[in-house]
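K.L.:
predicted model follows, preceded by the sequence.
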Amino acid sequence: MKKIFIISVLSLMLAVSVFSASKKKYGKEITVKETTKISEIIANPEKFEGKRVLVKGPIVDVCKERGCWIKIGSDKEFESIRFKVEDGVIVFPLDIKGMTAAAEGIVSVKKYSVEELIKSGEEHAKKEGTTFDASTVKEPKIVLQIKGEGARVDGK
């Protein structure tokens, strides 16, 4: 009987440690209560520009250099938004890809002209040792991201 009790207690402790390890907090506490759909931000960027939001979704990519951003998948197929933090403030490990994130921050909307995109493409190509075809840039581009402050990542 004593053995069964000890085994039960150890099993419960293991289950609790596995569960708590699967939920990890990064940065500040999440304070926003209502979730905003990523698809709504993408559809109406000006409406959300400068606003604090809470988004939720699967982590579809993680910065491989410094862990300074995660890409969170939308509620609509083939959409995602980058959740960017200041370098070194939060470091996201690569192994959280595929997990689910709840992330809070300020929506940033940047508009790039054709000239800015060409310059950026040329600089990137030079850095990577590749070529860039400026004729592929046809129109200005809007880049959305969330300036990240805090996130919670739940296990797979």
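P.N.:
Structure received. Residues are numbered from 1 along each chain as shown.

K.L.:
number of residues surrounding the residue nearest to Phe132 when sequence neighbours are not counted?
P.N.:
Leaving aside its sequence neighbours, Phe132 sits nearest to Ala125 (CB to CB, 6 or more residues apart in numbering; 3.7 Å). Every C-beta, even on glycine, is put in place using the N, C-alpha and C of the backbone. Residues within reach of Ala125, counting by other CB atoms under 10 Å, total 14.

K.L.:
surely Ile72 meets Val62?
P.N.:
No - between Ile72 and Val62 there is no contact under CB atoms under 8 Å: 10.6 Å.

K.L.:
who has more neighbours, these two?
P.N.:
Ile72 (24 against 18).

K.L.:
any idea how far that one lies from Lys47?
P.N.:
19 Å (CB to CB, to the nearest Å).

K.L.:
equivalent analysis for Lys147, please.
P.N.:
Distance check for Lys147 against Lys47: by CB to CB, it reads 17 Å.

K.L.:
what do you get for Glu79?
P.N.:
16 Å.

K.L.:
comparing those two, which residue is more hemmed in?
P.N.:
The neighbour count for Glu79 versus Lys47, taken as other CB under 10 Å, is higher for Glu79 (16 against 11).

K.L.:
can you give me the helices in the chain?
P.N.:
2-21, 38-43, 45-48, 114-128 (DSSP state H).

K.L.:
and the ones you listed, which one's lowest on average pLDDT?
P.N.:
Lowest mean pLDDT within the helices of the chain: helix 2-21, a mean of 47.

K.L.:
for the protein, which element, helix or strand, carries the lowest mean pLDDT?
P.N.:
The helix or strand with the lowest mean pLDDT-type score in the chain, counting by mean pLDDT, DSSP states H and E, is helix 2-21 (a mean of 47).

K.L.:
I'd say Lys56 and Val32 touch.
P.N.:
No - using CB under 8 Å, Lys56 makes no contact with Val32, being 10.9 Å away.

K.L.:
quick one: pLDDT of Arg66?
P.N.:
88.

K.L.:
hmm, it is touching Ile90, no?
P.N.:
No - Arg66 lies out of contact with Ile90 (CB under 8 Å); the separation is 10.1 Å.

K.L.:
can you pick out the residue with more neighbours from those two?
P.N.:
Shown here are Arg66 and Ile90; by other CB under 10 Å, Ile90 has more neighbours (21 against 11).
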